[in-house]
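1. show me the folded form of this:
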Amino acid sequence: MKPVSNIALLCHRADNVGGKEAHPRSLSGSPRVATVHPSTVGTRPVEPPAEGILTTAPLLDRLARWARTRPDAPAYSFVDYLAHPDGKVDACTWAQLHRRATALARRLRRVAGPGERVAIMAPSSLEYVVAMIASWYAGTVAVPLFAPDLPGHADRLAATYADCDPRCVVTAPSSARTVREFLAGRQHHAEILVESADEPPDDGWRPAPARGDDVAYLQYSSGSTRTPAGVEITHRNLTANVAQVCAALIGARRRCTGVSWLPLFHDMGLLAGIALPLWAGTEAVLFDPVAFLLRPARWMRLLSARPHAYTAAPNFAYDYCLRRLGPDDLAGLDLSGVFLWLNGAEPIRAATLERFAQMLGDAGTGLRRQAICPAYGLAEATVFVTGDGTDRPPTTATFDRTRLAAGQAVPAVPGAGHSTLVSCGTPTGQRVAVVDPDRGVALDDGLVGEIWVHGPNVARGYWRQPERSRQVFAAALAGPLPDGLPRQPWLRTGDLGMLHDGELYVTGRLKDLLIVAGRNHYPQDVEETVAGVSPALGRVAAFTVTHDDQERVVVMGERTGDGDDPEIIRAARQAVWHRHDLALHDVVLIKPGGVPRTTSGKVSRTGCRARYLAGRGGRDA
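-> Here you go, the predicted structure:
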């Protein structure tokens, strides 16, 4: 059931959110920094979180408080639609959660010391929530992963497991057998603990307080299996980012309910499904991504009639609802209480926002357009960077497509080619600058450059990759620094965007990531797979194009030897599908030397895309 895993992985990393893709050919502008004041969100002023909250109040301290002050209040509920079509509910209160997490932490401390890694290999479940919190209680570093029985991702799990070098693996009873099979015979030995609600009574053991600079977890991307990258998220980073999200999007609401089907190993799923409820002491209702895929109406039903509800999902999930929800699914829904529909983790389509609001509005669900919130973030900034706010409908702007590709945001005139982009709003409690990636000079409003981020939510680096960490997390601005901005450190996101009317619009990617159906794929992995299907293939390039308002992957390869073209194409499609769970939109074979290259001799994926779109990428072009 291959499509299931596409939904279930859902982009391990929120690398790129917002806007249609464009690639600047030149980047220029004055050295004046174009930045957004951190205390504004959309058009509504928001008081930024106090510095003390961001640096000294650990998120983890909240659980003991809720267990003491509201012990019997609902905390986390998991609705298991895979066990029963109507949903079997497994719920716990704050007191029960604290007891279970403390009991598991006590067991963890017997096998893992402070700072050692604890890999979590389990499906979305209450056990997953308990395992994350218990790893923090024990002073260890959580590594949120997925169960080994997730189809098609054994290589990625193996590479990540080897990179994080865990001392212990925590799993749920339902995945214990597959975890043991996965670990059997591996060179690195790790203890296996199975979390259970039936732990022995409390013997008085208490967790030590977490320090802000301690690493809370390693957030692995869905990137190359050859070079896994674990982002080191500290307790201070996590606390800061949750406080920023609450200040920007939750506001003063004392009670709200989060509803999420995002995988808990995914950065947005972890924040929305575990961290936000833990910070606010409010209820979270979780269910499995596969259950969403099979029946997206379940998402709507769990949100319906809740007075103060929020949810989050990538753009493709809203598109999926547009295709799969019918009149019967929408009948009787009351979505007037949903104050936040966050759209993030991949490029956001203006058409998707409009059609989703129109369909649910016409069905009489009470959906509020201003509750739809486009956002931008990435794992290296914990997750959240900017949001468009919940006080207005999503903001869009239309630009001249040719000028935008050249790096300038110029309003489109009637009859000209245009690109409609979605505003991702402004930051709260952090800084965003748009920078010339070659010169390190911040650009004025209206010029496209690389998005840089500075704030307490920015992670400290990549696990065991000091040189890459220095390049990505310790960037310095060149030129004068108005408005008291720091020289460094800045996070280089690798994403392209601009500030227009003081708001962030994301236009593309420097990193050439292939983002399809909410998942990231490194093009070099796909290229390596295709090149290996036939000795008749030379250079290969993989890139995305937009088809039917969706991102699709095209492969262009040089045919350097004899071979049957249909057979090579068929083998390429099968290999990529089998190894990457990725369907190729097109495979183009061209004569030797036909794949565009950069001046240094590297394959130019941007050039390949341009050639393909221009119609010159056909056979023997």
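
2. and this protein, what are its domains?
-> Split into domains by automatic domain parsing, the chain comes to 1-60+210-511, 522-613.

3. okay, now the unreliable bits of the stretch 351-500 of the chain?
-> For the stretch 351-500 of the chain, applying pLDDT under 70 flags the ranges 482.

4. just the strands in it please.
-> Along the stretch 351-500 of the chain, counting by DSSP state E, counting those that start in this stretch, strands occupy 372-377, 384-387, 396-400, 418-422, 426-427, 431-435, 449-454, 491-500.

5. among the ones you listed, which is the most enclosed?
-> Comparing the strands of the stretch 351-500 of the chain by mean neighbour count (mean count of other C-beta atoms under 10 Å), strand 384-387 comes out on top with a mean of 31. All C-beta spots, glycine's among them, are computed from the backbone N, C-alpha and C.

6. what strands line up against that strand, and which way round?
-> Sheet pairing here is set by DSSP bridges, and for strand 384-387 it gives strand 372-377 (antiparallel), strand 426-427 (antiparallel).

7. and the longest one with strand 431-435, angle?
-> Taking axes from the mean of the first three to the mean of the last three C-alpha atoms, to 10 degrees, one finds that strand 372-377 is oriented at 70 degrees with respect to strand 431-435.

8. now strand 372-377 - C-alpha only, CSV.
-> What follows is strand 372-377, C-alpha atoms only, in CSV (Å, rounded to 0.1, in the frame of the first residue of the first chain):
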residue,chain,number,x,y,z
ILE,A,372,-6.5,29.9,7.8
CYS,A,373,-2.8,30.8,8.5
PRO,A,374,0.0,30.3,6.0
ALA,A,375,3.3,29.9,7.9
TYR,A,376,7.0,29.4,7.2
GLY,A,377,9.5,27.4,9.3
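
9. by how many degrees do it and strand 396-400 diverge?
-> Using the same axes, to 10 degrees: strand 372-377 against strand 396-400 is 60 degrees.

10. residues making contact with strand 372-377?
-> 14, 17-18, 249, 267-268, 340-345, 348, 353, 356-357, 383-390, 393-394, 422-425, 451, 495, 497, 504, 506 (C-beta atoms under 8 Å, 6 or more residues apart in numbering).

11. buried stuff in stretch 463-482?
-> Under the neighbour-count criterion of 16 or more other C-beta atoms under 10 Å, stretch 463-482 has 463, 465, 469, 472-473, 475, 477 buried.

12. closest to residue 546 out of those residues?
-> residue 472 (27.8 Å; C-beta to C-beta).

13. how about that closest one, nearest residue that isn't a chain neighbour?
-> Counting by C-beta to C-beta, 6 or more residues apart in numbering, residue 472 lies nearest to residue 492, which is 5.4 Å off, once chain neighbours are set aside.

14. what's the one you found in contact with, if anything?
-> Per C-beta under 8 Å, 6+ apart, neighbours of residue 492: 437, 450, 452, 471-473, 475.

15. if we go to 7 Å?
-> Residues near residue 492 by C-beta atoms under 7 Å, 6 or more residues apart in numbering: 450, 452, 472, 475.

16. give me the buried positions along stretch 562-577.
-> Buried residues in stretch 562-577, counted by 16+ other C-beta under 10 Å: 563, 568-569, 571-573, 575-576.
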